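Chemist: 3D model of this:
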Amino acid sequence: MPLPQDESSRLESLRSFRVLGTVREQVFDDIVRLATLVCDTPVAKIGFVDQHRVWLKAKVGLEFDEIPRERSFSAHVILRSDALLVLDPLADPTFADDFLVTEIGIRFLAGMPLITSNHQAIGALAVMDQVPHLLTAEQLDCLHILARRIICELELRHTREAQSPHQGLALAPSRQRSGTVLLVEDNDNLRTLLHRALEGDGFSVLSAVDGGDALRSYQEHDGTIDLVVSDIVMPNLNGLELAERIRATRPEMKFLFVTSFGDQVPELRERIKHGANILEKPFLPSELLRRVKGMLTLGKALTGTEG
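Modeler: Numbers count the residues shown, from 1 in each chain. Reported below is the predicted structural model:
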């Protein structure tokens, strides 16, 4: 298998992040989970290509922690600057002997290189399926976004370590409940993922499967909810209708709308012009947490209750 022209500096860059052999982390697990949801595949992985192996930092649908580099899909992905799609690996001699093809029967692979700001491809984000599969242009764009998020996370840590090498020795502050969030999302997997992220960061969370369910939950917990995070397109009662119903009795209620169809909803476009809070899918749980904290902190500052 051909090696990247800058293989020596590429390996040096990879090892500088000190990610090889580390334990599982929620941020990377969340990214591969989002990749499977967005691309509708049962298998996904974040693999870093070391000298003789591909080490898996995060995975869904896989049991092993590493793959021989000479039989790995990721080793081919890092040779590219864009996505690599293999629609029929058995018909392609390059991939017919791939470890995942022979060992677990993978029949579709799509990989996005993880390229650092110094233009070094250190690994790949890949989604896979055991049946023939296709990806839309939007799904490929989502893989681009998630791949960039992986690199951003690694480079941010690298910078922090360089500036404060003993930062990891600091004791974590005790966590208090930060507020109550009503989470409205009809996708079961995404709702569970976001619920865990919010709860894990100190929020009390009420979950609803659609607008009608959310309205009932709001009425049962009237006065205790600080923020509503709601999808737009849902059965029974959509997110915008839900907002109108709630604000009829509580005009000051804050809403954060999450959607992949913002440009297709005329009413939402009008709200954006007037400062509505929108978070476009796909997004990482960490992005949701930042937005929720920002909205609640601003609200406390305006009402004089902060701190």
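
Chemist: mind showing which ranges of the stretch 101-250 of the chain have poor pLDDT?
Modeler: The model of the stretch 101-250 of the chain has pLDDT under 70 over residues 164-178.

Chemist: Go ahead and confirm Ile115 touches Gly123.
Modeler: No - under the criterion of C-beta atoms under 8 Å, Ile115 is not in contact with Gly123, lying 9.4 Å apart. Any C-beta I mention is one placed from the backbone N, CA and C, and that applies to glycine too.

Chemist: The stretch 151-300 of the chain: helices as residue ranges?
Modeler: Using DSSP state H, counting those that start in this stretch, the helices of the stretch 151-300 of the chain run over 188-200, 211-220, 239-249, 266-273, 285-303.

Chemist: how about a markdown table for those, with distance to Ser230 added?
Modeler: What follows is the helices of the stretch 151-300 of the chain, written out as a markdown table (distance: least, C-beta to C-beta, whole Å):
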| stretch | distance to Ser230 |
| --- | --- |
| helix 188-200 | 11 |
| helix 211-220 | 7 |
| helix 239-249 | 4 |
| helix 266-273 | 12 |
| helix 285-303 | 12 |
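
Chemist: Out of those helices, which is closest to Gly179?
Modeler: Proximity to Gly179, assessed across the helices of the stretch 151-300 of the chain by C-beta to C-beta, is greatest for helix 285-303 (5.2 Å).

Chemist: and the closest one, what's its mean pLDDT?
Modeler: Average pLDDT, helix 285-303: 75.

Chemist: a markdown table for the helices of the stretch 151-300 of the chain, including distance to Phe95 and mean neighbour count?
Modeler: Compiled in a markdown table, those are given as follows (distance: least, C-beta to C-beta, whole Å; neighbours: other C-beta atoms under 10 Å):
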| stretch | distance to Phe95 | mean neighbour count |
| --- | --- | --- |
| helix 188-200 | 29 | 17 |
| helix 211-220 | 45 | 18 |
| helix 239-249 | 42 | 17 |
| helix 266-273 | 42 | 13 |
| helix 285-303 | 33 | 16 |
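
Chemist: before we move on, the earlier item: which of Ile115 and Gly123 has more neighbours?
Modeler: Between Ile115 and Gly123, Gly123 has the larger neighbour count (other C-beta atoms under 10 Å), namely 33 against 19.

Chemist: from memory Val209 sits against Leu190, does it?
Modeler: No - counting by C-beta under 8 Å, Leu190 is not a contact partner of Val209; they are 11.4 Å apart.

Chemist: which residues in the protein form strands?
Modeler: Ranges of strands within the chain are 43-49, 53-60, 66-68, 84-86, 108-115, 121-129, 180-184, 204-208, 227-231, 254-259, 277-280, based on DSSP state E.

Chemist: Tell me which of those strands sits most buried.
Modeler: Mean neighbour count, computed with mean count of other C-beta atoms under 10 Å, is highest for strand 121-129 among the strands of the chain, reaching a mean of 27.

Chemist: Run me through the strand neighbours of that strand, direction for each.
Modeler: Paired strands of strand 121-129, with direction, are strand 43-49 (antiparallel), strand 108-115 (antiparallel) (DSSP bridges).

Chemist: For that strand, output the C-alpha coordinates as PDB.
Modeler: Only the C-alpha atoms of strand 121-129 are listed here, as PDB (Å, rounded to 0.1, in the frame of the first residue of the first chain):
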ATOM      1  CA  ALA A 121      -4.200  13.400   7.500                       C
ATOM      2  CA  ILE A 122      -4.000  11.500  10.800                       C
ATOM      3  CA  GLY A 123      -7.000   9.300  10.600                       C
ATOM      4  CA  ALA A 124     -10.500   8.800   9.300                       C
ATOM      5  CA  LEU A 125     -14.200   9.100  10.300                       C
ATOM      6  CA  ALA A 126     -15.900   6.200   8.600                       C
ATOM      7  CA  VAL A 127     -19.500   4.900   8.300                       C
ATOM      8  CA  MET A 128     -20.300   1.400   7.100                       C
ATOM      9  CA  ASP A 129     -23.100  -1.100   6.400                       C
END
